[in-house]
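# I'll drop the sequence and a predicted model, then ask my questions.
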Amino acid sequence: MALASSHGHLQPVITPQAGLMSPSVAASPTSAVGSPSKSNQAIARGSTKCEHSSKVSSGVLGGRLRKAFRMCSLLIVLRAKAPNDPAGQHPVCCMCRDSYRLHFSLADASIVCWRSSCLKAHAAKSIDSCPVFVDMKLLEVRCATCSLTAMDGDADMIRKIEFTDACRAANLRLPAPWVTASHSAKAYKGLPPATVQAGLKGMFNAGNSCYISAVLQCLLHSQDLREYFLSGKHKQAQCNYKTPDGSPCMACQIDDVTNQLYGSKLEIPVILPANFIHATWLNCKDLAGGEQHDAHELYIRLLDALSSALSGSTKGSATVPPAPLPLAGPANNGDSKGVPHARTIVQESFEGKLQSVLLCQKCGSKRQMEDPFLDLALQVAEDERGQVSLMSCLRQFTQPEKIHDNQCHQCGSNDIHKQLNIQQLPKVLCLQIKRFKAMGSSFGKINTHVAAPPVIDMTPFLTTSAQESSNGRRMKLRSFVAHTGTMDTGHYTTYLKEGGTWILLDDAHVRTASLAEANAAPGYLFFYDVL
């Protein structure tokens, strides 16, 4: 890759370099962009000024601009490495689905082509009036209102930094499973050969997107979900699913990312799920913009959006935060209205049933309810030896507890106890550790280490009827999301067990991890498969 300088602006020029990206200076500044347009010439002469983009490199828009340059730079680099890869990165306009002169909107992170009809349609639906875009090919800042290209010194510096970082990222030295037969067999040390086909690829961080990558890695290495999309059961050409506000179909997005992970060329060890990130932001408006967010919230919202898309339902889509598929936990069990969707691969794989029993301690009357759940939210709890593990947290979860503000419907007593047990185990059990809680007048993070056994016998936590009828009671740890940092800032990574070996997926970086490292990691979301 070469960098061409024009009027002090950095322009990307793609040149093949034996599969690697290395910056150099192009001989001609017009080799990347051709002849300057009239508006560009006006900007160069200083005779025209765009009031909308004059302060784009500072404040809130400055943060958005940095993320836009990062996303566009990574896409340019990846396309240069594999221009003909059918499973590669191919963004399209969110309005017309074409790829003509694509631009990245600073208003809502949408991708829009430069046709006037699409620009007007996008402006009409966007809740933010900012008309400033980044050209995804030339990395220039453009204003749709003034029809001008405007780059100040700060914006140009941001562009140079992000584009240079993208070039460096493309040259990452990653270990097997991506080495070819020409490499030394020593490169496979510690990694089973089967991992070459296991879809073990990193995901570029597009700006605080580690929470998306971490959850996505866990979900797409779930066997049933992976096989569903790789087998072509979701047919994009026949999909006509539409959300009420026109947000993209999440099933189509998951289908694309699955094929990028497992179908893209092996010499590309990292992907940028740009379309998926955009679709997530558009489907979940309160998670948009590139700020830091909670991986657990994304997990629930993502499965809800995926379930809606697969069932053809428009309930819980996104102009307002949707009612997620029920989350089990002491604070909110018993209030679920049930899953409003037809059963899909989401329910078949991730949904279980939780039984809650309200027992009056005075007259013995009992009320019993069943609710679906996608995960169990566990409080950190010690066992009798003072050790904290998922087993001790599960025991605390299923212990009877006194509930307040509730009267017995028979005798009127307030002495009511509630107990939770699992009526039906899902194929994939997600266990969330409640690490964030109120501490005085603020919120903080609980950093207590929670040990995760490689195999859990769930029998003690099942209802009596489930113990008698269920065959799959033992579950093995398949993957987990770890969180380092504080309540306000931190980083998510994924640990995945593949062929008996732990693999660490840390954004674009992928490597083997020792058993001791995996055991010591600060787990947040644990995914267990039925044996």
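Noted; the coordinates are in hand.
# so where's the stretch 401-531 of the chain shaky on pLDDT?
439, 470-472 (pLDDT under 70).
# redo that, cut-off 90
401-419, 435-446, 464-473, 486-490, 498-500, 507-511, 531 (pLDDT under 90).
# please enumerate the strands of it.
Secondary structure of the stretch 401-531 of the chain (DSSP state E, counting those that start in this stretch): strands located at 401-403, 416-424, 428-433, 436-439, 442-445, 455-457, 474-485, 490-498, 501-506, 509-513, 523-530.
# next: the stretch 251-400 of the chain.
270-271, 352-360, 366-373, 376-378.
# Gly290: which of the strands of the stretch 401-531 of the chain is closest?
Checking those against Gly290 by CB to CB gives strand 490-498 as the closest, at 14.5 Å. For glycine as for every other residue, the C-beta is placed from the backbone atoms N, C-alpha and C.
# averaged pLDDT, stretch 366-376. What do you get?
Average pLDDT, stretch 366-376: 92.
# in that stretch, what counts as buried?
Arg367, Asp371, Pro372, Phe373, Leu374, Asp375, Leu376 (16 or more other CB atoms under 10 Å).
# what's the closest of those residues to Thr464?
Arg367 (17.0 Å).
# distance of the residue lying closest to the closest one once chain neighbours are set aside relative to Glu140?
Excluding the flanking residues, the one nearest Arg367 by CB to CB, 6 or more residues apart in numbering is Leu358, at 4.3 Å. Here Leu358 is placed at a distance of 63 Å from Glu140 (CB to CB, to the nearest Å).
# ok, the two, which is more surrounded?
Glu140 (22 against 18; other CB atoms under 10 Å).
# wait, that one sits on Thr149?
Yes. Under the criterion of CB atoms under 8 Å, Glu140 is in contact with Thr149, at a separation of 5.1 Å.
# could you measure from Leu302 over to Val510?
22 Å.
# before we move on, what about Thr459?
36 Å.
# give me the number of residues near Lys445?
Lys445: 16 neighbours (other CB under 10 Å).
# thought it was touching Phe436?
Yes. Counting by CB under 8 Å, Lys445 does reach Phe436; the two are 5.7 Å apart.
# got any residues that touch both of those two?
Shared contacts of Lys445 and Phe436 (CB atoms under 8 Å, 6 or more residues apart in numbering): Met487.
# just the buried residues of stretch 508-526, please?
Neighbour count says stretch 508-526 has 508-513, 518-519, 521-526 buried, by 16+ other CB under 10 Å.
# spatially central residue in the chain, please.
Ile212 (1.8 Å; CA atoms, centre = their mean).
# mean confidence for stretch 149-169?
74.
# and the strands of the stretch 401-531 of the chain as a markdown table, adding distance to His296?
Output for the strands of the stretch 401-531 of the chain, formatted as a markdown table (distance: least, CB to CB, whole Å):
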| stretch | distance to His296 |
| --- | --- |
| strand 401-403 | 22 |
| strand 416-424 | 19 |
| strand 428-433 | 5 |
| strand 436-439 | 9 |
| strand 442-445 | 13 |
| strand 455-457 | 19 |
| strand 474-485 | 8 |
| strand 490-498 | 10 |
| strand 501-506 | 18 |
| strand 509-513 | 22 |
| strand 523-530 | 6 |
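# surely Ser247 and Asn283 touch.
Yes. Counting by CB under 8 Å, Ser247 touches Asn283, with 4.7 Å between them.
# these two - which one has more neighbours?
Asn283 (28 against 22).
# check the gap between the more buried one and Ser147 for me.
Asn283 is 31 Å from Ser147, by CB to CB.
# got it, and Ser389?
For Ser389 relative to Ser147 (CB to CB), the value is 62 Å.
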